[in-house]
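>>> predicted model, plus sequence, below.
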Amino acid sequence: MINNKDNLNLVEEYQSSTQMNAIAMTDFPVIGKVIDCLKMIRVPVPQPLEGEVVIKMCASALYADELYVAQGTALGRFFGPKIVSETKPYIVGSSVSGIIVGLGEKVTGLSIGQEIISIPSQTPVHGVWAKYCCLKQERIMPKPEVFSFVEAAGIKMPACVSWGAITYGDIKQGDRTLVIGASGGLGIMAVQYLKSLGAHVTGVCSGKNMEMVLTHGANEVVDYSKNNFADLTVKNNQFYDCIFDFVGGMDAEKSGFRSLKKSGKYITVTGPLRFIGEKKLSWIQLGKVFSHIIFKSVFSRISRPRYIFGEMNPSKTIYPAISHAVSHQIKIPISQEIPFEIDEVKQALTQVLSHRAKGRIVIDFSL
C-alpha cells in the first residue's frame, strides 16, 4: 500500500487528466494481421460508473487470446468487437495490475491507493492497455504483497487455468503426472503446483526449454522433437495417473491415452484442436470440436481412462490458486518486461503468437 501523500498525488494526477495514451484498433483487422492494425492513440480518460473503480495501470501480461478476441476468432468464431472506428476505437488488453485512484458510487470494501489485480473472466475483457482503466469491483482483488506488479500481472491467468485443471486431477502424494506443453505459461505453473502437491512430474517440451522446466520442479523432461512420450512410457512400462494437456490436438490425445493407467485421467484445457482461437471455424467445424469433447467426456466414464475438459470459471479458482502460489513460493517466469510503447508491444505480440515465447511477457507501465 502506498502512503497518503502518494495517494493524493495519484488522485490529483488522475482528476486533472482529460486524455491518455492507449493501444487500440480503429478498423477491423484481417484475420492473422491484427498486430498490423494496432496503434497508439489518444482517448478520453475513463470515468467510473456505479460499482466501478478507476485503476492506474502498472503492469499487464500479453496473451494470444487477446488478439484472437480482437480479430473475432476466439473460441473458433465467438466474441470480438462489433463496432470499430476512429470515433469508437477498440482498446486491447485484459490483464490488470495497478493502483486504485478513483471510486464510483456504491463501491464498498475498496480504497484509494490499494494495490490490486483483476480477476480473469471466461468472457473476453478488453480496454486496459492505457494509462487508466475502469473495472467492476467484483472483478478485482488485492495484489499479494510478495508479488511485484509485473509478477502479479504475469501469474494470475496461468495460475487460474492450471490450478483449475489440477483440481480435476485430485492429485495424491506420489502420483505420476505428465504435463504436455510444460514450458508454456500454463504448463510451467502446473509443473510447480504438481510438485508442491507431492506428485512425480514429467514435462513435455522442446529441447531448448528442458532446463527451465527441470529448474521449476519437473523430475524429468521429454523433448518432443526427439521422442514420443507415449513410446517411452510403453517401453519403460511406467504409466501415468494424470496427464495435463495445455497444447491440444488429436496427436496429443492419442499419445496421452496410450500413456495412462486404466484408472488414469486425461485433463485438457484446449481439446482436439491446437490453438483453436487462431482461425474462424465454421459452425460445422466448431460443432465437431464440441461433439468430440462431449463424446469423449461421456464415453470415458464407461471405458476408462477418463477424459476431462478441465476449464473452470477463473473467479472460482483464482483465490486458492494465488493462495497456494504464495504459500509455496511459486512464481511465473518473466522472460521480458517491456515499456508501454507501440513498437515494443507489437514485437512482443509477434513472439506471443509464435507460441515460442519462453516465459511470460509483461508490459511495465513504469518503464
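On my side now, so go ahead. Residues are numbered from 1 along each chain as shown.

>>> could you tell me whether C242 really is in a helix?
No. Assignment of C242 by DSSP: H, G, I helix; E, B strand; the rest coil gives strand, placing it outside any helix.

>>> residues contacting it?
If you count contacts by CB atoms under 8 Å, 6 or more residues apart in numbering, C242 has them with 169, 171, 175-178, 199, 264-265, 267. Every C-beta, even on glycine, is put in place using the N, C-alpha and C of the backbone.

>>> can you read off the backbone torsions of the nearest residue to it once chain neighbours are set aside?
Excluding the flanking residues, the one nearest C242 by CB to CB, 6 or more residues apart in numbering is G169, at 4.3 Å. Note on G169: its backbone torsions stand at phi -80, psi -20 [degrees, to the nearest 10].

>>> sorry, back to before: now the contacts of C242: which count as buried?
169, 171, 175-178, 199, 264-265, 267 (16 or more other CB atoms under 10 Å).

>>> which pair of the residues you listed spans the longest distance?
Maximum pairwise distance among these (CB to CB): 14.0 Å, between R176 and I267.

>>> list the buried residues in the helix or strand harbouring I294.
Following DSSP states H and E, the helix or strand that holds I294 is helix 283-299. Judged by neighbour count (16+ other CB under 10 Å), helix 283-299 contains these buried residues: 286, 289, 292-293, 296.

>>> so what's P29 up against?
P29 touches 36-37, 70-71, counting by CB under 8 Å, 6+ apart.

>>> next up, phi/psi of it, please.
Dihedral angles (degrees, to the nearest 10) for P29: phi -90, psi 160.

>>> about what we covered before: now render the contacts of C242 as a markdown table, adding secondary structure, distance to C133 and pLDDT.
Formatted as a markdown table, the contacts of C242 follow (DSSP: H, G, I helix; E, B strand; the rest coil; distance: CB to CB, whole Å; pLDDT from 0 to 100):
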| residue | secondary structure | distance to C133 | pLDDT |
| --- | --- | --- | --- |
| G169 | helix | 35 | 95 |
| I171 | coil | 36 | 97 |
| D175 | coil | 41 | 98 |
| R176 | strand | 44 | 98 |
| T177 | strand | 38 | 98 |
| L178 | strand | 39 | 98 |
| A199 | coil | 38 | 98 |
| G264 | strand | 43 | 97 |
| K265 | strand | 39 | 97 |
| I267 | strand | 33 | 97 |
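
>>> what sits closest to the spatially most central residue of the chain if chain neighbours are left out?
The residue lying closest to the centre of the chain (CA atoms, centre = their mean) is M157, at 3.6 Å. Excluding the flanking residues, the one nearest M157 by CB to CB, 6+ apart is P120, at 5.0 Å.

>>> same question, P46
Setting aside the residues directly before and after it, P46 is nearest to C134 in space (CB to CB, 6+ apart), at 4.6 Å.

>>> three-state assignment of the one you found?
C134 ends up strand, using three-state DSSP.

>>> gap between it and M157?
Going from C134 to M157 by CB to CB, to the nearest Å gives 20 Å.

>>> before we move on, the earlier item: make a markdown table out of the buried ones among the contacts of C242 and add distance to Y224.
Shown next, in a markdown table, are these (distance: CB to CB, whole Å):
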| residue | distance to Y224 |
| --- | --- |
| G169 | 21 |
| I171 | 23 |
| D175 | 22 |
| R176 | 18 |
| T177 | 17 |
| L178 | 12 |
| A199 | 20 |
| G264 | 20 |
| K265 | 21 |
| I267 | 18 |
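
>>> and V43, how many neighbours?
Neighbourhood size, V43 [other CB atoms under 10 Å]: 16.

>>> picking that back up, read off the pLDDT value for the residue nearest to the centre of the chain.
M157 is assigned a pLDDT of 94 by the prediction.

>>> contacts only, for it.
M157 neighbours (CB under 8 Å, 6+ apart): 61, 63, 95, 120, 185, 314.

>>> okay, and which of the residues you listed map to helices?
Among these, the residues falling in helices (DSSP state H) are 185, 314.

>>> so which of the contacts of M157 is the most crowded?
Most neighbours among the contacts of M157, by other CB under 10 Å: A61, with 27 neighbours.

>>> measure that residue to K235 for me?
For A61, the distance to K235 - CB to CB - is 39 Å.

>>> what's the answer for K131, then?
Separation of K131 from K235 (CB to CB): 56 Å.

>>> neighbour count: those two, which is higher?
With neighbours defined as other CB under 10 Å, K131 and K235 compare such that K131 has more, 20 against 9.

>>> identify the bridge partners of the nearest residue to the more buried one once chain neighbours are set aside.
Ranked by CB to CB, 6+ apart and with sequence neighbours excluded, the top spatial neighbour of K131 is M20, at 4.1 Å. On the basis of DSSP bridges, M20 is bridged to V43.

>>> M20 - how many residues pack around it?
17.

>>> verify the stated contact: it with V54.
No. Judged on CB atoms under 8 Å, M20 makes no contact with V54 at a distance of 11.4 Å.

>>> wait, doesn't the residue nearest to P46 sit right on K56?
No. If you go by CB under 8 Å, C134 and K56 don't touch, sitting 11.3 Å apart.
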